[in-house]
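J.: give the three-dimensional model of this entry:
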Amino acid sequence: MIHGIKSIKDAVKSVYALNAPAQLFAIYVKPLSAGKVQEKIKEDIVNTFKDNLYAEKIDVSFEVLKDVSGQEKESSPAQFRMTLSKPLKKEVIEEALTSAGYPNMLEQGLESGMEYQTVKIAFNSQQNEEAIKSTIKNAFEMPNPLKRVVSIGATVAGEMKSRAILAVIFSCIATIFYVWFRFGDFKFGSAAIIAVIHDILITLGAVAVADYLFGNMKIDSAMVAAFLTVIGYSLNDTIVIFDRIRENMGVRGNVLTPQLVNDSINQTLSRTILTGITTIGVLCALFFLGGPEIHGFAFVMLVGIIVGTYSTIFIACPMLLKWKGLDSASQALPRQNFPIQRRREVAKNT
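T.: Numbering: from 1, shown residues only. Predicted coordinates:
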């Protein structure tokens, strides 16, 4: 029944007979992509309110094309350079010219989907030039009520959620390999990723609680960017402490002990606290003074920075000890009462 209708056939996912002999059918249609859903919503709204929409005026100017000698071209048709006050897609320009009664006036070779502010047009030089220009100018009064989509349906939200999850997964995988290469041990990368997963889950839970209590805390593209920023901040803080641990391990015979980890944390604690307090102060200003548009972004960043600061100390480092404790060469040494010295200081004393 739908085999010969290509546009419908491509959209249909499956067809099932509901009775025998088959008189009723259940047709499952493939879900639309985010872009198609947005375009469909916009088209339906514009068609419903087309008689009451604000028409945006696009200013149009014309310039006669001249040859290298500076003389106007004598050949027919006459050619003009049409300049718009704002860039428009090729399809929008063609639609405006078609509505004005000149469907084949636009130059050839323009790419579909690209925006152009200056294009070439051509029409018969024997026609009334001023009347054509006036008609074209009137055609560029077009309704454009939807500047951007702020809230969209479940299909687009599901697509955004899938992309956000993939972004987090790929960033975690890339981080594991980077830390593995940087420190020469897979366990460093694993401990850092466990801390990052903790940060993401706690922050995501805080967003859910805030949305339940106060509302208007929906996950959007800005909030996804905030989650990825939290991942980067937490990893940066973790790598600073891990780098100090590796540096101190070189002084202690390349053996990891709880005392060495504790001393390394104390050596970087002032940096961790000062950086965290400074960042939290800026985020508090964004959250309370930045307006509702960036509340979600500032809230995720604020919670993520707080959680990421303590997870570096209380989750990443203990997990590193747990991983390294699986090796027989990583048994704890007796507690030492002298502070760890840098390699250059030890070399100087010897």
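
J.: low-confidence stretches in the stretch 51-200 of the chain?
T.: The stretch 51-200 of the chain contains residues with pLDDT under 70 at 51-55, 66-77, 125-127, 143-157.

J.: show me where it has its strands.
T.: Using DSSP state E, counting those that start in this stretch, the strands of the stretch 51-200 of the chain run over 55-57, 60-64, 78-89, 115-123, 141-143.

J.: so which of these is nearest residue 107?
T.: Shortest distance between residue 107 and these, using Cβ to Cβ, is found for strand 115-123: 4.1 Å. For glycine as for every other residue, the C-beta is placed from the backbone atoms N, C-alpha and C.

J.: what is the closest one packed up against?
T.: strand 78-89, helix 90-99 (3 or more Cβ pairs under 8 Å, 6 or more residues apart in numbering; DSSP states H and E).

J.: quick one on the thing from earlier: minimum distance to residue 191: which of the strands of the stretch 51-200 of the chain has it?
T.: Among the strands of the stretch 51-200 of the chain, the nearest to residue 191 by Cβ to Cβ is strand 115-123 (47.9 Å).

J.: how about the helices and strands packed on strand 115-123 in CSV, adding distance to residue 163 and mean neighbour count?
T.: Shown next, in CSV, are those (distance: least, Cβ to Cβ, whole Å; neighbours: other Cβ atoms under 10 Å):
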stretch, distance to residue 163, mean neighbour count
strand 78-89, 24, 16
helix 90-99, 26, 18
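
J.: on that earlier part again, could you dump the strands of the stretch 51-200 of the chain into JSON lines and include distance to residue 98?
T.: Output for those, formatted as JSON lines (distance: least, Cβ to Cβ, whole Å):
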{"stretch": "strand 55-57", "distance to residue 98": "17"}
{"stretch": "strand 60-64", "distance to residue 98": "15"}
{"stretch": "strand 78-89", "distance to residue 98": "14"}
{"stretch": "strand 115-123", "distance to residue 98": "13"}
{"stretch": "strand 141-143", "distance to residue 98": "12"}
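
J.: so which of those strands comes closest to residue 300?
T.: Ranking the strands of the stretch 51-200 of the chain by proximity to residue 300 (Cβ to Cβ) places strand 115-123 first, at 32.6 Å.

J.: for the stretch 101-250 of the chain, what spans make up the helices?
T.: For the stretch 101-250 of the chain, the helices defined by DSSP state H, counting those that start in this stretch cover 129-139, 154-183, 186-214, 221-251.

J.: okay if I get these as CSV plus distance to residue 108 and mean neighbour count?
T.: Putting the helices of the stretch 101-250 of the chain into CSV (distance: least, Cβ to Cβ, whole Å; neighbours: other Cβ under 10 Å) gives the following:
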stretch, distance to residue 108, mean neighbour count
helix 129-139, 18, 15
helix 154-183, 35, 14
helix 186-214, 51, 18
helix 221-251, 37, 19
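
J.: ok, the residue nearest to residue 139 when sequence neighbours are not counted - contacts?
T.: Nearest residue to residue 139 in three dimensions, chain neighbours excluded: residue 100, at 3.7 Å (Cβ to Cβ, 6 or more residues apart in numbering). Contacts for residue 100 (Cβ atoms under 8 Å, 6 or more residues apart in numbering) come out as 135, 136, 138, 139.

J.: returning to what we had before: got JSON lines for the helices of the stretch 101-250 of the chain, with distance to residue 109 too?
T.: Below are the helices of the stretch 101-250 of the chain laid out as JSON lines (distance: least, Cβ to Cβ, whole Å):
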{"stretch": "helix 129-139", "distance to residue 109": "20"}
{"stretch": "helix 154-183", "distance to residue 109": "34"}
{"stretch": "helix 186-214", "distance to residue 109": "48"}
{"stretch": "helix 221-251", "distance to residue 109": "34"}
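
J.: and of those, who's closest to residue 47?
T.: When these are compared by Cβ to Cβ, helix 129-139 sits nearest residue 47, at 18.8 Å.

J.: which helices and strands does that closest one pack with?
T.: Secondary-structure packing of helix 129-139 (3+ Cβ pairs under 8 Å, 6+ apart): strand 60-64, helix 90-99.

J.: dump the longest one to CSV, keeping only the CA atoms.
T.: Listed next in CSV are the C-alpha coordinates belonging to helix 90-99 (Å, rounded to 0.1, in the frame of the first residue of the first chain):
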residue,chain,number,x,y,z
LYS,A,90,19.6,30.7,0.0
GLU,A,91,16.2,29.1,0.4
VAL,A,92,14.7,32.1,2.2
ILE,A,93,16.0,34.5,-0.5
GLU,A,94,14.5,32.3,-3.2
GLU,A,95,11.2,32.1,-1.4
ALA,A,96,11.0,35.9,-1.1
LEU,A,97,11.8,36.4,-4.8
THR,A,98,9.3,33.7,-5.8
SER,A,99,6.6,35.4,-3.7
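
J.: tell me which other helices or strands it touches.
T.: Packing partners of helix 90-99 (3+ Cβ pairs under 8 Å, 6+ apart): strand 115-123, helix 129-139.

J.: hmm, back to that, what's the closest of the strands of the stretch 51-200 of the chain to residue 263?
T.: With respect to residue 263, and counting by Cβ to Cβ, the nearest of the strands of the stretch 51-200 of the chain is strand 115-123 at 58.9 Å.

J.: circling back: for residue 225, which of the strands of the stretch 51-200 of the chain is the nearest?
T.: Nearest of the strands of the stretch 51-200 of the chain (Cβ to Cβ): strand 115-123, 24.7 Å.
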